[in-house]
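> sequence plus predicted model, see below.
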Number of protein chains: 2
Amino acid sequence: MSKSQLTLTPVETVACCSPLVSEPLSVETAERIAPLLKAIADPVRLRLLSLVAGHADGEACVCDLNDAFDLSQPTISHHLKVLHESGLLDRSKRGVWVYYRVRREALTDLASLLGGGL
Amino acid sequence: MSKSQLTLTPVETVACCSPLVSEPLSVETAERIAPLLKAIADPVRLRLLSLVAGHADGEACVCDLNDAFDLSQPTISHHLKVLHESGLLDRSKRGVWVYYRVRREALTDLASLLGGGL
DNA sequence: ACAGGACATCGACCTCTGTCAATATAGATC
DNA sequence: GATCTATATTGACAGAGGTCGATGTCCTGT
């Protein structure tokens, strides 16, 4: 399924439509990026990212994050897991506490994709 | 609900945690932006955006977009509606055909938010 | 060893979302 | 006006996702 649009065959210009001038996003690229966007497409996770990014040494401990929301501790833990598994947050455990840190490159990669007009 | 973290009171540095150095994303901002990200957080919609953006005069007609996917016409129509209603695509009908155009500002706004580290 | 605190995992619930077939609408052509 | 074509809307369904309470795990004091 879905292979014909990848080869970008010389477009036969049908009555209604203009030709393509740049290679569209491949199916593979789209499917690789969408999960990253899904990860940040949630108000709670956006605020979590922002909170972590805004901490003094670039990292925040979970206890701090829990307190910033009217949500249960498991829920925050779930959102942090989503952000971590998508590669947007680094995780490090020190003693009893767990610290999360924003992976800037992941964010800037997304930013340049969008800013580049896709 | 959720007002205490908005005032950014001088942080009493508890044992585990570092203080905040920048204002985190407000609840309102997060809830305004998340729907935009949700709109592009789908592989089909990412490719739709990219296809529209890649057309010669900056716009593409629906007939062209339908052909690029192994999905039913109503499904593509649905995705285009989502992108349009979130403000990412402009819609204009000319005769029998409907043309969509990317609203660049919407994309660059998102890009600068992410690139700015939130 | 035990107790307590920090964080994660599990299971359940409900809502949201992507998809399709069927149908509707609206413009063009005969 | 009848018909054809392009696009949108509707209704139904399955699967994904956000939330919670209950429970588990791991560390640290005592």
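Everything's here; your move. From a predicted model like this one, the values you see are computed outputs, not experimental measurements.

> so residue A:49 touches residue A:102, yeah?
Yes - Residue A:49 is within contact range of residue A:102, at 6.3 Å (criterion: C-beta atoms under 8 Å). Every residue, glycine included, has its C-beta placed from N, CA and C.

> excluding its backbone neighbours, what's nearest the residue nearest the centre of chain A?
The centre of chain A sits closest to residue A:36, judged by C-alpha atoms, centre = their mean, with a distance of 3.0 Å. Nearest non-adjacent residue to residue A:36, counting by C-beta to C-beta, 6 or more residues apart in numbering or on different chains: residue A:86, 5.6 Å away.

> hmm, back to that, check what pLDDT the residue nearest to the centre of chain A gets.
Looking at residue A:36, its pLDDT is 98.

> is it in a helix, a strand, or coil?
helix (DSSP: H, G, I helix; E, B strand; the rest coil).

> list the contacts for it?
A:86-88, A:106, A:110 (C-beta atoms under 8 Å, 6 or more residues apart in numbering or on different chains).

> the residue nearest to residue A:36 and residue A:106: what is the separation?
Remark: distance between residue A:86 and residue A:106 (C-beta to C-beta, to the nearest Å) = 8 Å.

> what of residue A:113?
Taking C-beta to C-beta, one finds residue A:113 at 11 Å from residue A:106.

> check residue A:57 too.
In terms of C-beta to C-beta, residue A:57 sits 19 Å off from residue A:106.

> more crowded one of those two?
Between residue A:57 and residue A:106, counted using other C-beta atoms under 10 Å in any protein chain shown, residue A:106 has the larger neighbour count: 19 against 10.

> so what's residue A:45 closest to, chain neighbours aside?
Here the residue nearest residue A:45, using C-beta to C-beta, 6+ apart, is residue A:79, at 5.1 Å.

> who touches the helix or strand containing the one you found?
Per DSSP states H and E, residue A:79 falls inside helix A:73-85. Residues outside helix A:73-85 that contact it (C-beta under 8 Å, 6+ apart): A:39-40, A:42, A:44-45, A:48-49, A:62, A:65-66, A:69, A:89-91, A:100.

> drop anything exposed from the residues you listed.
A:39-40, A:42, A:44-45, A:48-49, A:62, A:65, A:69, A:89-90, A:100 (16 or more other C-beta atoms under 10 Å in any protein chain shown).

> now for those residues: which two are most distant?
A:69 and A:90 (20.7 Å; C-beta to C-beta).

> and chain A, which of its residues are near DNA strand D?
Applying C-beta under 7 Å from any atom of the strand, we find that chain A lies next to DNA strand D at A:16, A:38, A:42, A:44, A:70-75, A:78-79, A:82, A:95-96.
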